[in-house]
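Engineer: 3D, please:
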Amino acid sequence: MPAEKMAIAKALNSSLRRALEADPKVVVMGEDVGKLGGVFRITDGLQKDFGEDRVIDTPLAESGIIGTAIGLALRGYRPVTEIQFDGFVFPAYDQIVTQLAKMHARSLGTVKLPIVIRIPYGGGIGAVEHHSESPEALFAHVAGLKIVTPANPSDAYWMLQQAIECDDPVIFFEPKSRYWEKGEVDTASIPGPLHAAKVVRSGTDLTIAAYGPTVRTALAAADAAAEDGTSIEVVDLRSVSPIDFDTLQRSVEKTRRLVVAHEAPVFFGSGAEMAARITERCFYHLEAPVLRVGGFHAPYPPARLEEEYLPGLDRVLDSVDRALAY
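Structural biologist: Reported below is the predicted structural model:
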């Protein structure tokens with residue numbers, strides 16, 4: 001089947017449909033995922049086609065959603081849960097951290113919990129409080145969870161398939177500001193392993209590592225820098241836990257400089273781990289310190305200020321210039 005052009009939202013919907021068709025043990029559950037089709041319409045039409053027992057509208061109780069999913073997984077199901085917005089996940093944090101992440105180890109490997117938690121995350125949509133956060137580092141710190149985030153429709157389609165098939169719990173962060181961006185999706189060919197990073201633009205002077213919504217920003221920065229004769233390599237990490245440090249290391253050994261970009265606050269963010277690991281691995285290759293650009297160590301601001309908060313093109317290019325100045 002030839003590649004089809006679709007938006008990230010459509011790719012996710014198609015991926016869920018394929019999973020529901022392929023395995024009767026896959027169930028989709030969350031607030032408004034059924035009749036409404038989700039606030040972003042990611043699950044649109046699924047309840048009509050698969051029924052209320054497979055696509056389940058839940059109460060407004062995130063702890064209950066994850067707790068119920070754990071029970072279903074123990075009975076052999078593969079629940080795909082939706083947390084309506086990033087900032088709504090915290091009532092479920094106890095279930096995720098103390099139960100979901102630990103049950104495999106607690107049972108000495110005899111119990112598997114193949115649960116996917118879909119979370120629309122990040123800013124850029126002019127939303128109110130609790131609707132634009134990037135809490136991925138809070139979950140990446142917890143052993144027993146896998147954290148992934150696609151940046152394009154092809155990865156959205158295939159990474160969700162792979163997450164559903166995984167026997168470990170996977171938190172699947174969806175960049176909500178990119179839901180309507182389109183790209184080619186080959187639904188017949190898996191592009192690669194779930195946790196492998198990809199070099200999405202080759203370069204020689206500096207590496208930008210990004211994931212989710214900031215990949216497009218990094219690519220735009222590379223385009224702008226090229227006009228001034230600077231060659232930037234862009235690595236789409238795709239996975240926040242585990243991180244594909246081998247791919248990132250190979251890139252940095254070539255370019256000798258690294259800038260990490262993410263929307264989450266820089267303080268104790270995932271970029272800090274990347275900076276530490278790459279400094280350890282590439283110390284004698286680096287010609288500048290690893291620089292990070294991201295959100296500020298402050299609550300996410302009102303919509304009218306979010307452009308100042310988010311790491312846009314100018315801030316990424318400023319970090320590029322500072323790294324090249326060493």
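
Engineer: doesn't His104 fall inside a helix?
Structural biologist: Yes: secondary structure of His104 (DSSP: H, G, I helix; E, B strand; the rest coil): part of a helix.

Engineer: pLDDT wise, what is it at?
Structural biologist: Turning to His104, the model gives it a pLDDT of 96.

Engineer: likewise for Met1?
Structural biologist: pLDDT, Met1: 58.

Engineer: give me the neighbour count for Leu258.
Structural biologist: Neighbours of Leu258 under the rule other CB atoms under 10 Å: 29. The way it works is simple: take the backbone N, C-alpha and C, and place the C-beta from them, glycine included.

Engineer: that one against Leu291, yeah?
Structural biologist: Yes: with contacts counted by CB atoms under 8 Å, Leu258 reaches Leu291, the gap being 7.4 Å.

Engineer: need the residues touching each of the two.
Structural biologist: Here Leu258 and Leu291 have Ala323 as joint contacts, going by CB atoms under 8 Å, 6 or more residues apart in numbering.

Engineer: distance of Ile147 relative to Ile96?
Structural biologist: To Ile96, Ile147 is 11 Å away according to CB to CB, to the nearest Å.

Engineer: sorry, that was for Asp244
Structural biologist: For Asp244, the distance to Ile96 - CB to CB - is 23 Å.

Engineer: what do you get for Gly229?
Structural biologist: Gly229 is 47 Å from Ile96, by CB to CB.

Engineer: what does the longest helix that the chain contains contact?
Structural biologist: As assigned by DSSP state H, the longest helix anywhere in the chain is helix 8-22. Contact with helix 8-22 is made by 6, 26, 28, 40-46, 49-50, 54-55, 80, 118, 150, 152-154, 156-158, 160-161, 164, 174-175, 178-181, 183, 185, 187, as judged by CB under 8 Å, 6+ apart.

Engineer: how is this structure partitioned into domains?
Structural biologist: 4-185, 198-324 (automatic domain parsing).

Engineer: closest one to Pro191 among these?
Structural biologist: domain 4-185 (5.7 Å; CB to CB).

Engineer: okay, how far is it across that closest one, tip to tip?
Structural biologist: Domain 4-185 has an end-to-end distance of 5 Å (criterion: CA to CA, to the nearest Å).

Engineer: coming back round to it: using PDB, write out every CA atom in the longest helix of the chain.
Structural biologist: Written as PDB, here are the backbone C-alpha positions of helix 8-22 (Å, rounded to 0.1, in the frame of the first residue of the first chain):
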ATOM      1  CA  ILE A   8      -0.700  13.400  13.400                       C
ATOM      2  CA  ALA A   9      -4.200  13.300  14.800                       C
ATOM      3  CA  LYS A  10      -5.400  11.100  12.000                       C
ATOM      4  CA  ALA A  11      -2.400   8.900  12.200                       C
ATOM      5  CA  LEU A  12      -3.100   8.200  15.900                       C
ATOM      6  CA  ASN A  13      -6.700   7.500  15.200                       C
ATOM      7  CA  SER A  14      -5.800   5.100  12.400                       C
ATOM      8  CA  SER A  15      -3.200   3.400  14.700                       C
ATOM      9  CA  LEU A  16      -5.800   2.900  17.400                       C
ATOM     10  CA  ARG A  17      -8.300   1.500  14.900                       C
ATOM     11  CA  ARG A  18      -5.700  -1.000  13.600                       C
ATOM     12  CA  ALA A  19      -4.800  -2.100  17.100                       C
ATOM     13  CA  LEU A  20      -8.500  -2.600  18.000                       C
ATOM     14  CA  GLU A  21      -9.000  -4.700  14.800                       C
ATOM     15  CA  ALA A  22      -5.900  -6.800  15.400                       C
END
